[in-house]
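In: A structural model of the following input is requested.
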Amino acid sequence: MPQTLGPAFASPEYIRLDYGCTYWRFSSQRAADMYGSGTKLWADFPFFDRYHTDERLARLEHADSASFFCSVMAACALASARVRDRAVVSKGAEAHERLSIPAETFYAAAEDALPSDMLQIQEFGFLRGCALLAIASIQDGKIDAMHKYIGMYFSIMSIHQWHDEEAWPKSLSRVEQEELRRLYWSIYTLDVYSSIVWNGCPHYQEAHARVEYPTGYEESGTEQVQHESVPHWILGWNFTTDLYRILEHAVGKLRTRRSQFNFMGDEPQNLSFRGEEIIHKVNSRYNTLPSQFRDQNQATGDPRRDIYGFQAANIQATLALLQIVLFSLDGNSDVNKKCTVASNVLSTFRRVPTEFVRAISTPLIYHIAGIGFLLGSVMEEPLSETSYQKVRELLLSMASLLESLEAFLHRSAGADQQLRALVDRIDKYMSSEKDMRPVPGDQIQHIGILDGASGPGNELSPQFQLPDELLQEWTWPYDISQAYLPFATCDLQWE
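Out: Numbers count the residues shown, from 1 in each chain. Below you'll find the model as predicted:
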């Protein structure tokens, strides 16, 4: 029998669940424990003060507060999905034993707790619930649902003008302000990320924000709880936010190039965005970070230490994405430069310890897709044997990386085999072209070989244009090959 519910549950949609029952009390605490320790979630999405949240759960506050229940259930959905996909640091089956409730159960509970009318939403917990439902949707590859909940999040933000701290409720405690600041900037980065990967429109620009960066304050009243020589982990988290602010401007420049609206009559070169100069400045700032955010140490199983490894891994992944986007700003890049960038990004992921690569989980596939974007553009151009060997090595390196991920990223199954099959088909094509090349003195050139074949004393290899049918199966997990940075490939058009 459902327990008596508080006034927050007066409307009919809340009667569908018994928020205070033993099942939800037990599962909420279990999943909250996983959210805060066993997975990378808290390091990536630190939307809950752990001490404050534990106290609220112990008081069964989620039995009387629909908004808190919504955000807790959404966090549980994400934690459960990460455990399912083995995006955890816990060894063996420990994590699976700690949380066996399906992610779909938590997800549905969070959805049921949301009011049907967004205009009635006044509480921060619902905002946090929408954000976590969007992130959980990405984990499950439900991109339409991700857009839905990101849209709801920003609708609530706009209704209350919560992009400005002056509009925040005066009743917010210091710890609640800290949670809201973390939420704001985390979903800002998610918004920029999704606009890159799925060619969406950013909802807010960083220049519009009137929200301070989080300080690392916790309910216990400690901002610097460790030795003075150890920086707070929030420093690395805020640096990642800085990188996304740069990404926002870079993507804006790419889309400005595509636009045909040129009211001021500017020349294209006046809209230049020096990618190499930006990378140099970013690297300079990166090198000033404390070593905890630059060292790629193995996971220890101690959350207090591993949170630094999580931040270091996040920084590396974001730097890789920034490198790809800034590279796209440079026009007329040759094959060698594209291969160099792709190689650098792959090297980045190889340097990150396996536990943290796994903890990045589903979003890593989209980072790898950025490498595929570069290599795909290379293979559509004329290739020499030398340049093909570079591409071939990178494709096989990608296949090895994907193979190492497939054990826990179930939606990437078979991706490494597809890449190896592609390499095999191209190898056979290149071999057949070699056999059909004209001998010296032969005036007939095979149609597959482009002008510019090497002559006496010329060390350049003949160039091949790969037939379209060879590249027809150039596909990616999540089928995002047509979405990733599509605006970067458009010709400049000016009135």
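
In: Every contact and neighbour count from this point should use C-alpha atoms.
Out: Noted.

In: Quick check on residue 234: phi, psi?
Out: The phi/psi pair for residue 234 (degrees, to the nearest 10) reads phi -60, psi -20.

In: Test my guess that it contacts residue 217.
Out: No - judged on Cα atoms under 8 Å, residue 234 makes no contact with residue 217 at a distance of 9.4 Å.

In: what about residue 83, how many neighbours?
Out: Applying other Cα atoms under 10 Å, we find 30 other residues in the vicinity of residue 83.

In: Hmm, I typed the wrong one, I wanted residue 280.
Out: Other residues lying near residue 280 total 11 when counted by other Cα under 10 Å.

In: got it, and residue 259?
Out: Other residues near residue 259 come to 15 when the count uses other Cα under 10 Å.

In: On the pLDDT front, check it for me.
Out: Residue 259 carries a pLDDT value of 70.

In: Give me the distance between it and residue 252.
Out: As judged by Cα to Cα, to the nearest Å, residue 259 and residue 252 stand 10 Å apart.

In: Neighbours of residue 285, how many?
Out: By the criterion of other Cα under 10 Å, residue 285 has 11 neighbours.

In: try residue 291
Out: Residue 291 has 14 neighbours, counted by other Cα under 10 Å.

In: Please apply the same query to residue 324.
Out: Burial of residue 324 is recorded as 23 neighbouring residues (other Cα under 10 Å).

In: tell me the SS of the residue lying closest to residue 168 once chain neighbours are set aside?
Out: Closest residue to residue 168 apart from its sequence neighbours, by Cα to Cα, 6 or more residues apart in numbering: residue 162 at 6.0 Å. Under DSSP: H, G, I helix; E, B strand; the rest coil, the three-state class of residue 162 is coil.

In: immediately after the lengthiest helix in the chain, which helix or strand?
Out: As assigned by DSSP state H, the longest helix anywhere in the chain is helix 303-329. Going down the chain from helix 303-329, the next helix or strand is helix 335-351, by DSSP states H and E.

In: elements contacting that following helix?
Out: helix 303-329, helix 363-379, helix 385-405 (3 or more Cα pairs under 8 Å, 6 or more residues apart in numbering; DSSP states H and E).

In: do that again at 7 Å, thanks
Out: helix 363-379, helix 385-405 (3 or more Cα pairs under 7 Å, 6 or more residues apart in numbering; DSSP states H and E).

In: Lowest mean pLDDT across those, which one is that?
Out: Ranked by mean pLDDT, the helices and strands packed on helix 335-351 end with helix 363-379 at the bottom, a mean of 71.

In: Can you show me the helices along the stretch 1-150 of the chain?
Out: With helices called from DSSP state H, counting those that start in this stretch, the stretch 1-150 of the chain shows them at 22-33, 41-44, 50-58, 66-84, 94-98, 103-113, 124-139, 143-160.

In: ok so, going back, mean confidence score for the longest helix of the chain?
Out: 85.

In: Could you list the buried residues of it?
Out: Within helix 303-329, the residues scored as buried using 16 or more other Cα atoms under 10 Å are 303, 306-329.

In: cool, and stretch 47-62?
Out: By neighbour count on 16+ other Cα under 10 Å, the buried set for stretch 47-62 is 47, 48, 49, 50, 53, 57, 60, 61, 62.

In: Wait, the last one touches residue 73, no?
Out: What that stands for is residue 62. No - at 9.5 Å, residue 62 does not count as touching residue 73 under the criterion of Cα atoms under 7 Å.

In: on that earlier part again, as TSV, the helices of the stretch 1-150 of the chain with distance to residue 353 and mean pLDDT would be great.
Out: Compiled in TSV, the helices of the stretch 1-150 of the chain are given as follows (distance: least, Cα to Cα, whole Å; pLDDT from 0 to 100):
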stretch	distance to residue 353	mean pLDDT
helix 22-33	24	54
helix 41-44	16	61
helix 50-58	26	83
helix 66-84	18	88
helix 94-98	19	49
helix 103-113	27	92
helix 124-139	21	94
helix 143-160	28	96
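
In: so of the ones you listed, which one's packed in deepest?
Out: The highest mean neighbour count among the helices of the stretch 1-150 of the chain, using mean count of other Cα atoms under 10 Å, belongs to helix 66-84: a mean of 28.

In: by how many degrees do it and helix 124-139 diverge?
Out: 20 degrees (axes from the mean of the first three to the mean of the last three Cα atoms, to 10 degrees).

In: 42 is where my numbering starts, stick with that
Out: Done: numbering now begins at 42, and the last item shifts to helix 107-125.

In: so what does helix 107-125 touch, helix or strand wise?
Out: Against helix 107-125 (3+ Cα pairs under 7 Å, 6+ apart) you get helix 63-74, helix 144-154, helix 165-180.

In: got the angle for that helix vs helix 91-99?
Out: Relative orientation of helix 107-125 and helix 91-99, computed by the same axes, to 10 degrees: 110 degrees.

In: Can you give me the distance of the residue nearest to residue 164 when sequence neighbours are not counted to residue 114?
Out: Nearest non-adjacent residue to residue 164, counting by Cα to Cα, 6+ apart: residue 108, 6.5 Å away. Look at residue 108 and residue 114: by Cα to Cα, they are 10 Å apart.

In: Find residues that contact each of those two.
Out: Contact with both residue 108 and residue 114 is made by no residue, according to Cα atoms under 7 Å, 6 or more residues apart in numbering.

In: Count the neighbours of residue 469 for me.
Out: By the measure other Cα under 10 Å, the count of residues near residue 469 is 11.

In: what's the pLDDT at it?
Out: 85.

In: Check the gap between it and residue 384 for me.
Out: 24 Å.

In: Same check on residue 433?
Out: Counting by Cα to Cα, the gap from residue 433 to residue 384 is 11 Å.

In: again with residue 180
Out: Residue 180 sits 26 Å away from residue 384, going by Cα to Cα.

In: before we move on, what about residue 179?
Out: For residue 179, the distance to residue 384 (Cα to Cα) stands at 27 Å.
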